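Novice: how would this look folded up:
(chains A and B)
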Amino acid sequence: MALRSTIAGISSPEALAEALKAALYLADDGIATAGYLALALGKPLLLEGAPGVGKTEAAKAIAGILGRQLIRLQCFEGIDAAAALYEWNYPRQMLAIRQAQEGSSSTDIYRDEFLIERPMLTALRRPDSTVLLIDEIDRSDHEFEAFLLEFLSDFSISIPERGTLRAAERPVVILTSNRTRDLHEALRRRCVYHYIAYPDPAREAEIIMLRSSAVAESTARAVVAAVGILRNEPLSKPPGVAEAVDWAEAATALARTGASWPEAFRRSLGAAIKDEEDLAHLRPRLAQFIPGMAA
Amino acid sequence: MSVKVPAAVRPLIGFPVLLRQHGFSVAPEQTVSFLEAVELLGPRSIEHVRKAALATLAPHPEQRPRFDALFDMHFLGAIGELGEDEWHPDDDMQVQDDIGTEEVVIGEDINETGQAATGAEALAIRTLRAPDDGEILRRFSVALPDALPRRRGYRHQAARHGKGIDLARSLRAAMRNEGEVMSLKRLRRTRRPRPVLLLIDVSGSMKQRSDVHLALAHEIVHAMPRVEVFTFGTRLTRLTRALRLKNREQALVAASGLVADWDGGTRIGDALEAFLAVPRFAGYARGANVIVLSDGLERGDPSTMIRAIHRLAARAFRIDWFTPLAIDPEYRPETEALRAIRPLLASLGDASSTSRLCRAILAIGEARAA
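Specialist: The predicted structure follows:
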């Protein structure tokens, strides 16, 4: 397999990190390297990590800098080939048959116009203008994972009525998993892998300010520190990066209306903690978590 | 024919080999990607090699400290501490596969009463007799295939109601009406039985129940496709093959010959770690209904058991735990280990008598169907 060392003007992990930053995504070394290698080697990129660390955002940003359309396939329990690959448009096929009967001419009901493309087929047909995001693959069944394995190794789909379709070039595929269950080793093996951990405090503060220009640096730092403590609590839904951004924005908005800072943080806590039991767990010791209240 | 490998590449190829020796699974194609990745990145420093290794060799996040230690050792010559992490299987846990034969050592200090759980390894042999609950077991095995949760199959079957439309059948029906489509025929997904993984505690504290449990295992093996049976005590033993014998007496005799740790101590955590460390075994748990017959009285380190159950739960469809201690419906587990894993278990059922155990297993699928 030929190695393409430059894709869409990106010739190194550093260049990818630069481009991602321009697309409002702050990538650390690990994800920049993994992303670059995936593009260069023509392999799928598998991103694992806790919910809310920016796996899907990373995929969107990569699609953005490549100037390609992002096609998202959201996995769920019971997802099957019809939802992922293609389906025949039965009502239209029936109508076409009726029409053919009236005019007593024969018709091919397996033409393109009767084919409903699903995400994987779309990506396969236009590999040069799309990025395929297979989101939350840990939610799908093992059978779908096995089926995906076949797709990811030779990028071809066979439609019994039409024959086998093969991608003209290797499409860019990004898979994400929340690690609610272990993925099959064979799937991990086919991909370039990166585990996204929570960003370190300085980087997270930077992300918050990049995402939302209204938030002041001191607010961002306070939120990051508080969120860091919250993640060490036994919560059923620890706040992710997205929640940290929301919280900082919400508190800033409240502070503008005249609320004091600790008050603004307390009232907007719902942006970070979205589970009643978690809130109940934190309530007695709230002062420890709210920036500015501990003092 | 031998291929000359350039001297500069040799350490790079050596690293995946070293990883394999330390229990990481690395495929040859990953080694190739690793070399390509190193070439793509420069490499201008050793950190580039590390990043390439991380991205292509894909260690689990839990394995990272160990991975880094091995990397430092291999490429930087550092003689660091090889940190003990959770991935490392217990070395002294013996795994008895039912393919080979192994000499059985008979322990002297057999746990006679079966009242207490001990951690000591006391090997023993035992002759299993078929229990008298034949009628209960027979009815159990008839009801079982419909009772356990199933998974959606990948194929479709004709059905009265369903999401998909059966074009072929609809058109065939239309032919009879001179091409007029009167009704749409439907398709639905088939439902297939999930694999079953049966883990049976044969330690001293479960002594009175082991006979029945193995007889039950024999019924399950014959009632369902894709069943795997393991026993654990101080060792892990695979019994599936022995139990495939049709005749129950013969099967139980063959099975009892394989198990070397009858009525000994209980090291559930170590046994499960050993189970998960063998990829072929661990694969049996994937998407399976896992049924554990044990009192959960762990005499080893409870944290090992908790970790092992977490890993098992990440692979399995659901874990149902049956303990003879749960006679009272209000039973709450008291040992630290069992309390900690309770949220991972789909149910904690009553195994105090054969009929109750059978009823509890048949009830596994009910909660889902409702």
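
Novice: show me the contacts for residue 150.
Specialist: Using chain A. Applying Cβ atoms under 8 Å, 6 or more residues apart in numbering or on different chains to A:E150 gives no contacts. Backbone N, C-alpha and C define where each C-beta goes, glycine included.

Novice: try chain B instead
Specialist: Per Cβ under 8 Å, 6+ apart, neighbours of B:R150: B:191-194, B:365.

Novice: now do the SS call for B:A340.
Specialist: Secondary structure, DSSP: H, G, I helix; E, B strand; the rest coil: B:A340 is helix.

Novice: neighbours around the residue in the stretch 1-150 of chain B that chain A sits nearest to, how many?
Specialist: Closest approach between the stretch 1-150 of chain B and chain A, counting by Cβ to the nearest Cβ: B:A58, at 3.5 Å. B:A58 has 29 neighbouring residues, counting by other Cβ atoms under 10 Å in any protein chain shown.

Novice: got it, and A:R285?
Specialist: 9.

Novice: A strand includes it, no?
Specialist: No - A:R285: not assigned to a strand; according to three-state DSSP it is helix.

Novice: not counting sequence-adjacent ones, nearest residue to B:L40?
Specialist: A:A40 (5.0 Å; Cβ to Cβ, 6 or more residues apart in numbering or on different chains).

Novice: quick one: which helix or strand includes the one you found?
Specialist: helix A:29-41 (DSSP states H and E).

Novice: contact partners for the residue nearest to A:K21 when sequence neighbours are not counted?
Specialist: The shortest distance from A:K21 to any non-neighbouring residue, by Cβ to Cβ, 6+ apart, is to A:A27 (7.3 Å). By Cβ under 8 Å, 6+ apart, A:A27 lies in contact with A:16-17, A:20-21, A:35, A:58, A:61.

Novice: hmm, A:A186 and the residue of the stretch 1-150 of chain B closest to chain A touching each other?
Specialist: No - with contacts defined as Cβ atoms under 8 Å, B:A58 does not count as touching A:A186, sitting 11.4 Å away.

Novice: A:D275: how many residues sit nearby?
Specialist: Neighbour tally, A:D275, other Cβ under 10 Å: 12.

Novice: wait, it sits on A:K237?
Specialist: Yes - checked against Cβ under 8 Å, the pair A:D275 and A:K237 is within contact range at 4.9 Å.

Novice: so where do the helices sit in the stretch 51-200 of chain A?
Specialist: A:55-66, A:81-84, A:90-102, A:119-125, A:142-154, A:185-190 (DSSP state H, counting those that start in this stretch).

Novice: dump those helices into JSON lines; add mean pLDDT as well.
Specialist: Shown next, in JSON lines, are those (pLDDT from 0 to 100):
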{"stretch": "helix A:55-66", "mean pLDDT": "92"}
{"stretch": "helix A:81-84", "mean pLDDT": "83"}
{"stretch": "helix A:90-102", "mean pLDDT": "82"}
{"stretch": "helix A:119-125", "mean pLDDT": "92"}
{"stretch": "helix A:142-154", "mean pLDDT": "85"}
{"stretch": "helix A:185-190", "mean pLDDT": "87"}
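
Novice: B:L54 is nearest to which of those?
Specialist: For those, the distance to B:L54 is smallest for helix A:185-190, at 12.6 Å, taking Cβ to Cβ.

Novice: would that closest one count as contacting chain B?
Specialist: Yes - using Cβ under 8 Å from any Cβ of the partner chain, helix A:185-190 reaches chain B at A:185, A:188-190.

Novice: let me see the contact set for A:T252.
Specialist: A:212, A:214-216, A:219, A:264.

Novice: how is the chain carved up into domains?
Specialist: Just going to use chain A. Annotated domains of chain A cover A:13-78+A:122-196, A:201-289 [automatic domain parsing].

Novice: that was the other one, I meant chain B.
Specialist: Taken from automatic domain parsing, chain B resolves into B:10-76, B:95-147+B:194-369, B:152-192.

Novice: separation between the residue of the stretch 101-250 of chain B found nearest chain A and B:E178?
Specialist: Relative to chain A, the nearest point of the stretch 101-250 of chain B is B:I165 (4.8 Å; Cβ to the nearest Cβ). Using Cβ to Cβ, to the nearest Å, B:I165 is found at 21 Å from B:E178.

Novice: between the two, point out the one with more neighbours.
Specialist: B:I165 (18 against 7).

Novice: poorly predicted segments of the chain, please.
Specialist: As the question left the chain open, I've gone with chain A. Across chain A, the ranges flagged by pLDDT under 70 are A:1-6, A:104, A:291-295.

Novice: not what I meant, chain B
Specialist: Checking chain B against pLDDT under 70 turns up B:1-4, B:78-94, B:96, B:98-132, B:367-370.

Novice: same thing but 50
Specialist: Within chain B, the stretches with pLDDT under 50 are B:1, B:83-91, B:100-113, B:368-370.

Novice: residue numbers of it in contact with chain A?
Specialist: So chain B meets chain A at B:25, B:27, B:29-30, B:33, B:36-37, B:39-41, B:51-52, B:54-56, B:58, B:61, B:64, B:151-154, B:164-165, B:167, B:171, B:179, B:181, B:189, B:279, B:286-287, B:311, B:314-315 (Cβ under 8 Å from any Cβ).

Novice: which of those count as buried?
Specialist: B:27, B:30, B:33, B:36-37, B:40-41, B:51-52, B:54-56, B:58, B:151-152, B:164-165, B:167, B:171, B:189, B:286-287, B:311, B:314-315 (16 or more other Cβ atoms under 10 Å in any protein chain shown).

Novice: if you look at these, which of them are in helices?
Specialist: Among those, the members falling in helices (DSSP state H) are B:30, B:33, B:36-37, B:40-41, B:51-52, B:54-56, B:167, B:171, B:311, B:314-315.

Novice: much appreciated, bye for now.
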